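# model this:
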Amino acid sequence: MKDFFSKILREKPKKKEEPSALFEPKLSHLTSYDQVKRRALIGWMVSRCAAALDYDEQEREALFFIAFTAESFEQLENEVVKELLVLANSAVDWIEANAVIEEEMKAIQPLFSPKKVLARAFNEVQLDVKYDEQIDECSSVWEVYRDVIYAATHGQFLLIKKSDVMNYKSGDLLCEVDVVERHDIAKARNAAKDAFTEKGVKGSKILSYNLIISEAVTNILKHAEYGKMLVYQAGDLFYVVIEDKGPGFPLKILPKTTLMAGFSTKESLGQGFTLMMKMAEQVVLETSETGSTLILILDGKGNEMNEKHGA
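Next comes the predicted model:
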C-alpha cells in the first residue's frame, strides 16, 4: 500500500523534448462542471475516510489525486484504494438522495476497512454538504422526522419514500393475500403462518410474527379502503409488505405513535408500532395521502430446519 502511494507521489513530468506526452491531459475524462464537482466530493470524502483510518497526509493527498485522475475506479489495481473510491462514489449518490447512511451501509461488506469507521466518515461529510443547502421545506421537514424517529428508536423504525419501497420487494414471493373484508385478516394470517412453517420457522416465532401481522392487516380495514399483504424471503430475512389505499399516517403524529406505548388516535395504530418494533428486526413505513406501505422485517435465522441440519 505504501509503495502504491509513494509511486503516485514520486511521479515526475517527462522531459521537455517530449511535448506531446508532457501536455497530455490528465483530466480529459471530466467533460462537465458536474463531473468535476462530483469527483471533488469523492476526493474529499475518501480523504476523510483515510484520516479516520489513520492514513498519513501524503496518502490522503494521493487518494484525493486519484479521485480526479482515475477514469474508472473499478479498474484500479490496488484493491484497498479501489474499495475506498468505489464506496465513496456510492456515498455521493446516497448524500444526493438524502438517504440514511447507516441503512445504505447494511448491504455493504467492506473487505479492507471497518464498516463503522467508513459510515461515520460518510455521515460527517453528509452533514457538511447539507448544512448550507436550501432544501424544499416539505422535504426538509420529512427528513427531520425520519432522522429523529430513526435515532430515537435506535434504527428500529425507518421512514422511507415511495421510490424506496421496491427495494424491499426482493427475493422469493412466498404468499400474497388481498385484504378487503374482515375475514381476510384470518386468511392473511394463515397464509403467512403456512409460509413460515414451510420455511421451518419455530412455532414460538410464528406466534409472535402472526401477532404483529394481524395488527398491521387489521389496520387496513380500520383506516383504509382495501389493501394487500405480501411475504418475501431474501437470505435470512422475511419481508412482510402490507400495502393499503387510504389516507395515510399524518406526519405530526408519528413521533408519539412510534415512541409512546399505548398512544392512540383515530389515524394511529395504538400499541401497534411499539409491539411491532419489539418483535421485528425493523419496521419500515412509507405513507402519503394516497395510502401507506408498512414493511415488517423479520428474522429468518435459527429456524428448526437449520437446527436439525446442524445437529
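
# what's the spacing between V46 and L76?
Per C-beta to C-beta, to the nearest Å, V46 is found 12 Å from L76. Every C-beta, even on glycine, is put in place using the N, C-alpha and C of the backbone.

# swap in K256?
Taken as C-beta to C-beta, the spacing of K256 relative to L76 amounts to 49 Å.

# neighbour count winner among the two?
Neighbours were tallied for K256 and for L76 using other C-beta atoms under 10 Å; the higher tally belongs to L76 (18 against 13).

# From A62, how far off is that one?
As defined by C-beta to C-beta, L76 lies at a distance of 12 Å from A62.

# any low-confidence regions in the stretch 201-311 of the chain?
For the stretch 201-311 of the chain, the stretches flagged by pLDDT under 70 are 261-271, 302-311.

# coming back round to it: between V46 and L76, what contacts are shared?
Contact criterion C-beta atoms under 8 Å, 6 or more residues apart in numbering; residues shared by V46 and L76: L85.

# What are the boundaries of the helices in the stretch 101-250 of the chain?
Secondary structure of the stretch 101-250 of the chain by DSSP state H, counting those that start in this stretch: the helices cover 101-105, 115-131, 137-152, 183-198, 203-223.

# Could you dump those helices into CSV with distance to S72 and mean neighbour count added?
As requested, the helices of the stretch 101-250 of the chain are arranged in CSV below (distance: least, C-beta to C-beta, whole Å; neighbours: other C-beta atoms under 10 Å):
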stretch, distance to S72, mean neighbour count
helix 101-105, 22, 18
helix 115-131, 21, 16
helix 137-152, 32, 14
helix 183-198, 43, 18
helix 203-223, 45, 18
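
# Out of the ones you listed, flag the one nearest Q282.
Shortest distance between Q282 and the helices of the stretch 101-250 of the chain, using C-beta to C-beta, is found for helix 101-105: 9.1 Å.

# Just name whatever secondary elements that closest one is in contact with.
Using 3 or more C-beta pairs under 8 Å, 6 or more residues apart in numbering; DSSP states H and E as the contact criterion, the secondary-structure elements in contact with helix 101-105 are helix 79-96, helix 115-131.

# so which of those gets nearest A52?
It's helix 115-131; of those, that one is closest to A52 (C-beta to C-beta) at 4.7 Å.

# Export the closest one to PDB, keeping only CA atoms.
Presented in PDB, the C-alpha positions along helix 115-131 are these (Å, rounded to 0.1, in the frame of the first residue of the first chain):
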ATOM      1  CA  LYS A 115     -17.700  -0.500   8.200                       C
ATOM      2  CA  LYS A 116     -18.400   1.600  11.200                       C
ATOM      3  CA  VAL A 117     -15.400   3.900  10.500                       C
ATOM      4  CA  LEU A 118     -16.500   4.400   6.900                       C
ATOM      5  CA  ALA A 119     -20.100   5.000   7.900                       C
ATOM      6  CA  ARG A 120     -19.100   7.600  10.400                       C
ATOM      7  CA  ALA A 121     -16.900   9.500   7.900                       C
ATOM      8  CA  PHE A 122     -19.700   9.400   5.300                       C
ATOM      9  CA  ASN A 123     -22.100  10.800   7.900                       C
ATOM     10  CA  GLU A 124     -19.800  13.700   8.700                       C
ATOM     11  CA  VAL A 125     -19.500  14.600   5.000                       C
ATOM     12  CA  GLN A 126     -23.200  14.300   4.600                       C
ATOM     13  CA  LEU A 127     -23.700  16.800   7.400                       C
ATOM     14  CA  ASP A 128     -21.200  19.200   6.000                       C
ATOM     15  CA  VAL A 129     -22.600  19.000   2.400                       C
ATOM     16  CA  LYS A 130     -26.200  19.500   3.600                       C
ATOM     17  CA  TYR A 131     -25.600  22.200   6.100                       C
END
